[in-house]
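Enquirer: Show me how the following folds:
(one chain, ligands or ions: 2)
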Amino acid sequence: MGQDVIRLTGLQLSGRIGVLEQEQHADQPLVIDTELHVDLAEAGRTDDLNHTVSYAEIADIIRAVVTGSQFGLIEALAEALAGNILAADMRITTVGITVHKPHAPLPYTFDDVAVTIQRRRSYAEAVSEPAVEPDSAHIPAPAAEAEGTVTTPTARWGPYDRISLSEVSATAGTAESPSSTAQTRDPELPAAFPIRSVLALGSNLGDSRATLASAAQALQGAEGVVVVNSSPLARTKPVGGPANQRDYLNQVLEIETQLSPHQLLDLAQQIEADHNRVRDQRHGPRTLDVDIVTYASATIDSPRLQVPHPSAADRAFVLLPWSWMDPVALLNGRPVRELAAEAGDHDDVVRLDEVSP
Ligand SMILES: Nc1ncnc2c1ncn2[C@@H]1O[C@H](COP(=O)(O)OP(=O)(O)OP(=O)(O)O)[C@@H](O)[C@H]1O
Ligand SMILES: Nc1nc2c(c(=O)[nH]1)N=C(CO)CN2
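Expert: Ligands and ions are numbered 1, 2, ... in the order given. Got it, this is the predicted structure:
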């Protein structure tokens, strides 16, 4: 591959950014320049959009990140943009981002203030393309390592490995955005590299606190699974199901896994069974429920498994703990925090203690 580049410069947006008090309460103009390193030879030869990265979809991702979250530093916004863009398409090997904040509150006349970063997909990740069915769109890989930064299991891929181009363009589509193929995933195929997945746990029978802790331990002990983050516990009112159920304890975990989606479902159901889960009523009381909320940015619709979980986007008992764990998380291209605020059960969720990963 040569030095092929797609450039999108001067993208004008408004966002809530800055560390000063006066910047916390109003959006301000931001300008984003993006440089994507992608091999463009095949697109040039075939004149086919499927062989390149659509700049319209990249613009949608940038808009979703800029407008969906609040940042203190322009460095943090740049990092979030780079992580999200790399996570969205394996073909992007390097991304350069410049965030301009031309109206920064400085008591001087000045033209612009900006940061520029460049983030490269790690070599191991770039060569381990996920195994997918030949005709399906690829699954975005976990996001890249930031060069030269200290990494932890949580920080390594950044929080942005769940957004998919199809998700973003479906919700934030512009006239320019071509409709993209759904990011489908064969539920039987194991991952070629660790995949980030978000799981939602719930319990309202027995010693719920002990059960959730034990379930997290069981996941951590399972082959092919590492728990990388966990939310604080939430006490929540039952949504649906029979009347007079006890309140739930809910929690969200983020894992890295090489299990296939169905293997992960099998594991979740085994752990439910090990905690005496009985399935007799839909939405009935349960000792333990373990749902797969996301599996990277895959869309799965098999008889046993739908991902993202079809109800997750409406359930504050999932969305709020998730947003506490990961304040910039996105689901279906929308900030989880925003979805939580709109969910009908928002006021029925109470944050309990902090839980460390
Ligand atoms: N993303 C998913 N996570 C977990 N189970 C799923 C998922 N998608 C589909 N299922 C299927 O849903 C079936 C019913 O699951 P369960 O008994 O936990 O439902 P529920 O908790 O009562 O309701 P809900 O699915 O709305 O949370 C499972 O047998 C499983 O095959
Ligand atoms: N508050 C709360 N309500 C629910 C829950 C849950 O975990 N918490 N799970 C359900 C089915 O999975 C149905 N309703």
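Enquirer: Now do the same for the closest residue to residue 15 other than its chain neighbours: helix, strand or coil?
Expert: Counting by Cβ to Cβ, 6 or more residues apart in numbering, the nearest residue to residue 15 once its immediate chain neighbours are dropped is residue 66, at 4.3 Å. C-beta here means a position set from N, CA and C on the backbone, and glycine is covered the same way. Using DSSP: H, G, I helix; E, B strand; the rest coil, the structure places residue 66 in helix.
Enquirer: Report the helix or strand with the lowest average pLDDT across this protein.
Expert: helix 165-172 (a mean of 34; mean pLDDT, DSSP states H and E).
Enquirer: CA atoms only: put the strand or helix carrying residue 270 into CSV for me.
Expert: Assigned by DSSP states H and E, residue 270 belongs to helix 261-274. Taking C-alpha atoms only, helix 261-274 is exported to CSV below (Å, rounded to 0.1, in the frame of the first residue of the first chain):
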residue,chain,number,x,y,z
PRO,A,261,-21.6,-14.7,20.0
HIS,A,262,-23.5,-18.0,20.5
GLN,A,263,-20.7,-19.4,22.7
LEU,A,264,-21.0,-16.2,24.8
LEU,A,265,-24.8,-16.7,25.0
ASP,A,266,-24.2,-20.4,26.1
LEU,A,267,-21.9,-19.1,28.8
ALA,A,268,-24.3,-16.5,30.0
GLN,A,269,-27.1,-19.1,30.2
GLN,A,270,-24.8,-21.6,31.9
ILE,A,271,-24.0,-18.9,34.6
GLU,A,272,-27.7,-18.1,35.0
ALA,A,273,-28.4,-21.8,35.5
ASP,A,274,-25.6,-22.2,38.0
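Enquirer: In stretch 319-337, which residues are buried?
Expert: Residues 319-326, 328-337 are the ones in stretch 319-337 that count as buried (16 or more other Cβ atoms under 10 Å).
Enquirer: Sort out which of those residues are in helices and list them.
Expert: Of the buried residues of stretch 319-337, the ones assigned to helices by DSSP state H are 319, 320, 321, 322, 323, 324, 325, 336, 337.
Enquirer: What pairs with the helix or strand in which residue 98 is found, parallel or antiparallel?
Expert: Applying DSSP H and E as the criterion places residue 98 in strand 94-100. As defined by DSSP bridges, the strand partners of strand 94-100 come to strand 28-37 (antiparallel), strand 114-120 (antiparallel).
Enquirer: and that strand, which residues are buried?
Expert: By neighbour count on 16+ other Cβ under 10 Å, the buried set for strand 94-100 is 94, 95, 96, 97, 98, 99, 100.
Enquirer: which bits of the stretch 151-300 of the chain sit near ligand 2?
Expert: Within the stretch 151-300 of the chain, the positions adjacent to ligand 2 are 202, 236, 237, 238, 239, 240, 241, 248, 250, 283, 289 by Cβ under 6 Å from any ligand atom.
Enquirer: And the furthest pair within the residues you listed?
Expert: 237 and 289 (15.3 Å; Cβ to Cβ).
Enquirer: tell me the pLDDT at the closest residue to residue 274 other than its chain neighbours?
Expert: Using Cβ to Cβ, 6+ apart and skipping the chain neighbours, the partner closest in space to residue 274 is residue 218 (6.7 Å). pLDDT, residue 218: 97.
Enquirer: Quick one: classify residue 218 as helix, strand or coil.
Expert: Here residue 218 is helix, with the state taken from three-state DSSP.
Enquirer: Look up how far residue 228 lies from it.
Expert: 16 Å (Cβ to Cβ, to the nearest Å).
Enquirer: Between residue 237 and residue 289, which has more neighbouring residues?
Expert: Neighbours per residue, other Cβ atoms under 10 Å: of residue 237 and residue 289, the larger number sits with residue 289, 19 against 15.
Enquirer: Enumerate every residue touching that one.
Expert: Residues near residue 289 by Cβ atoms under 8 Å, 6 or more residues apart in numbering: 200, 201, 202, 203, 272, 277.
Enquirer: give the contact list for residue 220.
Expert: Counted by Cβ under 8 Å, 6+ apart, residue 220 has contacts 226, 227.
Enquirer: which regions of the stretch 51-200 of the chain lie under the pLDDT threshold?
Expert: 122-184, 192-193 (pLDDT under 70).
Enquirer: Okay, helices next: where are they in it?
Expert: 55-68, 74-88, 123-127, 165-172 (DSSP state H, counting those that start in this stretch).
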